[in-house]
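> for reference, the sequence and a predicted model appear below.
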Amino acid sequence: MANKIVRPTTRQEFMNKLVVPYDLQIGNTNEVYSERATIGLPENNRSKEISLRGDEDKNFSVGIKDINEAIDYYFRNVLKLSVIQNNTRLAVPIIYGTPENWASVQADGYYRDGASKLMAPLFMYKRTSIAQNRNLGNKVDGNKAATIQLFQKTFNKKDVYNNFNALNSRAPKKEYIAVVTPDYVTLTYSCIIWTHFVEQMDKIIESLNYSSRSYWGDPNKFQFYSDISSFEDSTTLNVGEDRLVRTNFTLTLNGWLIPDSLNKYLSAVNRQIGVSQVVFGLEVESTSERFVASTKSSTERKLTNVITTDSQNIVVNQTSNVSAETLTYLNTNKQVTGTFVNATTATFANGWLTAPAGLTTDQNSFTFFCNGQLVEKTAVVSFTESGGVSTLVINASALGFSFSSTDEIIAIGKFS
C-alpha cells in the first residue's frame with residue numbers, strides 16, 4: 001500500500017477549525033477554496049479575484065532592471081557628466097559593463113571600441129552583488145502576502161454623480177490598492193571612469209562625491225538611496241602607450257524588490273472595494289419616542305394614538321375603536337400638480353380634506369416636491385387653503401433654489 005502524503009495545514013485552515021459557527025447546520029462559512037490544494041503551492045480562492053477589465057492601473061512590481069534604470073537615468077539626466085577637451089565640452093558616455101566588456105577591461109585596464117581605439121572619457125558600471133537587508137523588514141512566508149500596504153484611490157468610476165445618489169445621500173465607494181510589502185536589498189556596483197587628464201577626473205569625482213548619500217532615479221518612477229564611500233585613483237603611463245587616468249569606486253544602493261514572476265498574484269494590483277450605503281429618507285412621528293411607542297403598539301390601537309403630524313400613508317385595520325370616516329381620512333393621500341405664481345409661490349386647485357373629530361389637517365399633512373426633489377419642511381413658509389384653492393409659499397434661501405415657470409410642483413396629502 002502506497003504511503004499517503006498529508007499536506008500540512010495552513011495557518012488560515014487551522015484558525016478556521018477554531019471558529020464555532022452560529023448555526024451548526026450551516027457550519028463555518030468563512031473561506032471555501034475553489035481549487036484543489038497542491039503540495040508546496042498556496043490555495044487559490046476565486047471569490048477574492050476581482051476583474052481588472054477597464055482598469056488603467058498596471059500590476060505593481062519593482063525589479064532589478066528598474067534599479068539599473070534608476071542609476072542610468074541619474075547619470076544621464078541629473079549628473080550629466082562632462083569634461084573639457086580642446087576647449088570643447090564633451091559628454092561622458094555611460095555604458096553598462098556586459099560580461100564581455102568587463103572581462104576585456106579587467107585584462108587590459110582600459111576599453112576600446114570596434115576600431116580598437118581607446119575610449120576616453122568613459123564611464124562604465126556593473127552590478128557585482130545583491131544582499132538582503134533584514135534590518136528594515138522580513139516577510140513571514142514567501143508563498144503568502146503576510147504584510148501588505150493599502151493605498152486609497154482619489155476617484156472611483158462607480159461614483160459618478162447622478163440624481164439618484166444625490167437624492168438618497170448615497171455614500172461613495174472607496175477603492176483601495178493592496179500592494180505586498182517588498183523585500184529590501186542592498187545592491188553593490190563596481191564603477192570605472194577613464195579620462196585623459198587628472199583635471200578632468202577631478203571634476204567628475206567632485207560631482208559624484210557631492211551627489212552621494214542622496215536618492216537617485218527618476219522622480220516620476222522610483223528613487224533609491226545611494227552611497228559612495230571612497231575613490232581609488234590609478235594612472236596608466238606606459239612607454240609607447242597613451243596616457244590614461246583611471247578611477248575605481250564602489251556604489252552602494254539601497255533598493256527594494258517586488259517580483260512579477262513566480263509570485264505574480266502577490267505583487268499584482270489587488271482591488272478592495274469599500275462598502276457603499278444608500279440612505280432613504282423616512283418621515284415618521286415628530287419625536288423618536290413617539291415612533292418607538294407607535295411601532296410597539298398593536299394594530300388595535302385607539303384613535304388617540306394617531307399623531308396629527310404623521311404624513312405616512314398608514315393603513316389601519318377596522319376595529320370597534322376606529323370609525324369608517326377616520327379610516328377613509330387616514331388612507332387618503334392625493335397627489336395634485338401646482339401652478340406657478342412667482343419665484344416663491346405656487347397654488348393648487350384643490351381644497352383640504354375635512355378631518356374627523358380628534359384629527360387636524362394642516363400644512364404638516366402635506367409633502368411637496370419640485371421636479372422630483374423633496375421640499376424640506378424647514379423651507380416651507382406657509383401652506384394655506386381658501387375658497388378651495390391651496391397656496392404654498394417657500395423660503396428660497398432655505399431651500400437653495402426658487403420656483404420657475406417650467407418647474408413641476410407637486411403636493412401629496414389630504415386634498416379633497
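Structure received. Fair warning: this is a prediction, and the values are worked out from it, not measured in the lab.

> average pLDDT for the helix or strand Y210 falls within, rounded please.
Applying DSSP states H and E as the criterion places Y210 in helix 198-211. Averaged over helix 198-211, pLDDT sits at 92.

> ok, and what's touching it?
Identification of contacts with helix 198-211 by C-beta atoms under 8 Å, 6 or more residues apart in numbering yields 74, 78-79, 81, 83-85, 92, 121, 123, 193, 195, 226, 228, 231, 233, 235, 245, 247, 249. Glycine gets a C-beta too; all of them are placed from N, C-alpha and C.

> ok, of the residues you listed, which come out buried?
Neighbour counting with 16 or more other C-beta atoms under 10 Å marks 74, 79, 81, 83, 92, 121, 123, 193, 195, 226, 228, 231, 245, 247, 249 as buried within these.

> how about the third one: what's its closest non-neighbour residue?
Spelled out, it's L81. Spatially, and ignoring its direct neighbours in sequence, L81 is nearest to V92 (4.0 Å; C-beta to C-beta, 6 or more residues apart in numbering).

> could you check how far the closest residue to E376 other than its chain neighbours is from T378?
Closest residue in space to E376, ignoring its immediate chain neighbours: L399 at 6.9 Å, by C-beta to C-beta, 6+ apart. According to C-beta to C-beta, to the nearest Å, L399 and T378 sit 9 Å apart.

> who has more neighbours, those two?
Legend: neighbour count by other C-beta atoms under 10 Å for L399 and T378, higher for L399 (17 against 9).

> for that one, give me the pLDDT.
Listed pLDDT for L399 reads 83.

> in what helix or strand does the nearest residue to G97 once chain neighbours are set aside lie?
Leaving aside its sequence neighbours, G97 sits nearest to K126 (C-beta to C-beta, 6+ apart; 3.3 Å). Applying DSSP H and E as the criterion places K126 in strand 122-132.

> again with S390
Applying DSSP H and E as the criterion places S390 in strand 389-394.

> need the strands for the stretch 51-200 of the chain, in chain order.
82-85, 88-91, 94-96, 122-132, 148-152, 175-180, 183-195 (DSSP state E, counting those that start in this stretch).

> ditto for the stretch 251-400 of the chain
270-273, 334-337, 339-342, 345-348, 366-370, 373-374, 380-386, 389-394.

> with mean pLDDT, mean neighbour count and distance to T186 added, can I get those strands in TSV?
Shown next, in TSV, are the strands of the stretch 251-400 of the chain (pLDDT from 0 to 100; neighbours: other C-beta atoms under 10 Å; distance: least, C-beta to C-beta, whole Å):
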stretch	mean pLDDT	mean neighbour count	distance to T186
strand 270-273	56	16	28
strand 334-337	88	13	75
strand 339-342	91	13	76
strand 345-348	91	20	76
strand 366-370	89	20	67
strand 373-374	84	14	62
strand 380-386	88	14	71
strand 389-394	90	19	71
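
> any chance of the ones you listed in CSV, plus distance to P219?
What follows is the strands of the stretch 251-400 of the chain, written out as CSV (distance: least, C-beta to C-beta, whole Å):
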stretch, distance to P219
strand 270-273, 26
strand 334-337, 61
strand 339-342, 59
strand 345-348, 60
strand 366-370, 52
strand 373-374, 47
strand 380-386, 57
strand 389-394, 55
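
> out of those, which comes closest to A115?
When those are compared by C-beta to C-beta, strand 270-273 sits nearest A115, at 53.4 Å.

> ends of stretch 386-398, how far apart?
Length of stretch 386-398, first residue to last, C-alpha to C-alpha, to the nearest Å: 26 Å.

> oh sorry, the question was meant for stretch 234-254
The stretch stretch 234-254 measures 28 Å between its terminal residues, going by C-alpha to C-alpha.

> show the average pLDDT along it.
Here the average pLDDT along stretch 234-254 is 78.

> okay, the residue nearest to G97: pLDDT?
So, for K126, pLDDT stands at 92.

> what are the boundaries of the helices in the stretch 1-150 of the chain?
Using DSSP state H, counting those that start in this stretch, the helices of the stretch 1-150 of the chain run over residues 11-17, 64-73, 99-108.

> turn those into CSV, including mean neighbour count, distance to N133 and mean pLDDT.
Formatted as CSV, the helices of the stretch 1-150 of the chain follow (neighbours: other C-beta atoms under 10 Å; distance: least, C-beta to C-beta, whole Å; pLDDT from 0 to 100):
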stretch, mean neighbour count, distance to N133, mean pLDDT
helix 11-17, 12, 26, 63
helix 64-73, 18, 13, 92
helix 99-108, 12, 26, 80
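
> coming back round to it: closest one of the buried ones among the contacts of helix 198-211 to D407?
Comparing these against D407 with C-beta to C-beta places Y74 closest, at 63.1 Å.
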